[in-house]
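Enquirer: Can you look at this prediction? I've put the sequence above it.
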Amino acid sequence: MIRKLFTTLSLAALLGATASFSPALATEKTDFKVCWSIYVGWMPWGYLQDSGIMEKWAEKYDITVEIVQINDYIESINQYTAGEYDGCSMTNMDALSIPSGGGIDTTALIVGDYSNGNDGIILKDKTALADIAGQNVNLVELSVSHYLLARALETVGLSEMDVTVVNTSDADMIAAWATGDVTSVVTWNPLLSEIEGQTNATKVFDSANIPGEIIDAMMVNTETLADNPAFGKALTGAWFELMTIIASDSDEGKAARTAMAEASGTDLAGYDAQLATTEMFFDPADAVSFTKSADLPKTMQFVAEFLFDKGILGEGAPGPEYVGVRFADGAVYGDEANIKLRFDPTYMEMAANGDL
């Protein structure tokens, strides 16, 4: 789940160069590009391209949509922010910090899933979350793992001051766990499951304890979407057609999931296991309900406060409300004069109502 990786360097470089960037031209056009990176909930984007489903829906609206895989998650967001792509798969946290924090007005077109156990905290030779106090905690710093740790500590009356965060690459996490001096890690699947399988490992907290907070979406340029509704309709229609397929136990569904499994380096059983800890919105009505939930503004406040605390909300951000986030009912968290992130269920509602 490379979607989690976040580096201060990449953000600093991005924000320092914001003035030279320009978003995808917000004019009526017919050719569009979106990008994605490897993660269980984003594998459908590659399959949409390979299977021809995306091409079918694009032709319906007399446009073309190219779906491009980018191996580096943060680089994919940087390229979207720079205007190289009209949309990009990313988490709610990274959407707020990178494009929105960098001044690019972005809309969550398709809310695809949230982590529901894919991310967790594991202790060595301890069985309670409170035992983490005083320990070094190995994780990818300034990532969703870091956010998960902060939220977990709150539940037992602790804060980050009660632990020492050790920045550790996801590529090194399993090897680090095997060493004697590493006693606590925060990571994601499939690393999480592999470490949890060790005899001295106990998972003491995971993203199922904060359901709906680590959200994965297809984010698109707001102005491009406003000027080109066909773009939103084609993407959303293709996505939910595929959701119906992969949610089924039919031969077609198994074939689609197998292809996505192989593309992500696992097999069907491994991919289905990852889906089991991912709350996928196979039904567009469920995605709409989630996006309209009263819990979403609370989640985004948690996220904004975390980002501000870590100094990664935006260059010169005076507080966690620096970036305005607009929700489905028109309510805004943050600065109404600086709305740069929008959760708009319009196109998902079209899918739910059969209007695409």
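Expert: Here it is on my side, so go on. Residues are numbered from 1 along each chain as shown.
Enquirer: pLDDT weak spots in the stretch 251-356 of the chain?
Expert: For the stretch 251-356 of the chain, no stretch has pLDDT under 70.
Enquirer: Next secondary structure after the helix or strand encompassing Met300?
Expert: Taking DSSP states H and E as the definition, one finds Met300 inside helix 295-309. Sequence-wise, the next helix or strand downstream of helix 295-309 (DSSP H and E) is strand 324-326.
Enquirer: Now for Lys292: which residues touch it?
Expert: Lys292 is in contact with Phe327, Ala328, Asp329, Pro345, counting by C-beta atoms under 8 Å, 6 or more residues apart in numbering. C-betas here are computed from N, CA, C, even on glycine.
Enquirer: Ok, Gly87 next?
Expert: Shown in contact with Gly87 (C-beta under 8 Å, 6+ apart): Phe32, Val34, Cys35, Tyr80, Leu109, Met218, Met219, Val220, Asn221, Leu235.
Enquirer: Strands of the stretch 101-250 of the chain, start to end?
Expert: With DSSP state E, counting those that start in this stretch as the criterion, the stretch 101-250 of the chain has strands at 106-115, 119-124, 136-139, 164-167, 184-188, 201-206, 215-221.
Enquirer: Redo these as TSV? Include mean neighbour count, mean pLDDT and distance to Glu262.
Expert: TSV is the format used below for the strands of the stretch 101-250 of the chain (neighbours: other C-beta atoms under 10 Å; pLDDT from 0 to 100; distance: least, C-beta to C-beta, whole Å):
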stretch	mean neighbour count	mean pLDDT	distance to Glu262
strand 106-115	26	97	20
strand 119-124	24	96	24
strand 136-139	22	96	29
strand 164-167	14	95	32
strand 184-188	27	93	20
strand 201-206	19	97	26
strand 215-221	27	97	21
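Enquirer: Phe302 - how many residues pack around it?
Expert: Using other C-beta atoms under 10 Å, Phe302 has 18 neighbouring residues.
Enquirer: er, Ser193 I mean
Expert: Look at Ser193: counted by other C-beta under 10 Å, it has 18 neighbours.
Enquirer: Spit out the contact partners of it.
Expert: Ser193 neighbours (C-beta under 8 Å, 6+ apart): Ala273.
Enquirer: so what's it scoring on pLDDT?
Expert: Per-residue pLDDT puts Ser193 at 85.
Enquirer: and it, how far is that from Gly354?
Expert: Separation of Ser193 from Gly354 (C-beta to C-beta, to the nearest Å): 38 Å.
Enquirer: List the contacts of the helix holding Met300.
Expert: Helix 295-309 is contacted from outside by 92-93, 96-97, 101, 146-147, 150-151, 212-213, 215, 290, 313, 317, 319-323, 325, 327, 331, 333-334, 341, 343, using C-beta under 8 Å, 6+ apart.
Enquirer: list the buried ones in that helix?
Expert: Residues Leu296, Pro297, Thr299, Met300, Phe302, Val303, Ala304, Phe306, Leu307, Phe308 are the ones in helix 295-309 that count as buried (16 or more other C-beta atoms under 10 Å).
Enquirer: now, the most widely separated pair of the residues you listed?
Expert: Greatest spatial distance among the buried residues of helix 295-309 (C-beta to C-beta): Leu296 and Phe308, at 18.5 Å.
Enquirer: What is the neighbour count of Gly354?
Expert: By other C-beta under 10 Å, 7 other residues sit near Gly354.
Enquirer: sorry, back to before: which stretch among the strands of the stretch 101-250 of the chain comes nearest Glu28?
Expert: Nearest to Glu28 among the strands of the stretch 101-250 of the chain is strand 215-221; the distance by C-beta to C-beta comes to 13.6 Å.
Enquirer: elements contacting that closest one?
Expert: Secondary structure elements in contact with strand 215-221, counted by 3 or more C-beta pairs under 8 Å, 6 or more residues apart in numbering; DSSP states H and E, are strand 87-91, helix 92-95, strand 106-115, helix 229-246.
Enquirer: out of the contacts of Lys292, which are buried?
Expert: Judged by 16+ other C-beta under 10 Å, buried ones among the contacts of Lys292: Phe327, Ala328, Pro345.
Enquirer: thought the second one was touching Phe290?
Expert: What that stands for is Ala328. No: taking C-beta atoms under 8 Å as the definition, Ala328 is not a contact partner of Phe290, at 10.1 Å.
Enquirer: Domain-wise, how is this protein divided?
Expert: 2-115+213-352, 119-209 (automatic domain parsing).
Enquirer: Could you give the separation between the terminal residues of the shortest one?
Expert: Counting by C-alpha to C-alpha, to the nearest Å, you get 10 Å between the two ends of domain 119-209.
Enquirer: how distant is that domain from the center of its chain?
Expert: Relative to the chain's own centre, domain 119-209 is displaced by 20 Å; criterion: C-alpha atoms, centre = their mean, to the nearest Å.
Enquirer: who touches Phe343 in this structure?
Expert: Phe343 neighbours (C-beta under 8 Å, 6+ apart): Thr107, Ala108, Val111, Thr291, Leu296, Val325, Arg326, Phe327, Ala328.
Enquirer: Next: Tyr271.
Expert: For Tyr271, the contacting residues are Val40, Met43, Arg257, Thr258, Met260, Ala261, Ser264, by C-beta under 8 Å, 6+ apart.
Enquirer: Three-state assignment for the fifth one, please.
Expert: When classified by DSSP: H, G, I helix; E, B strand; the rest coil, Met260 comes out as helix.
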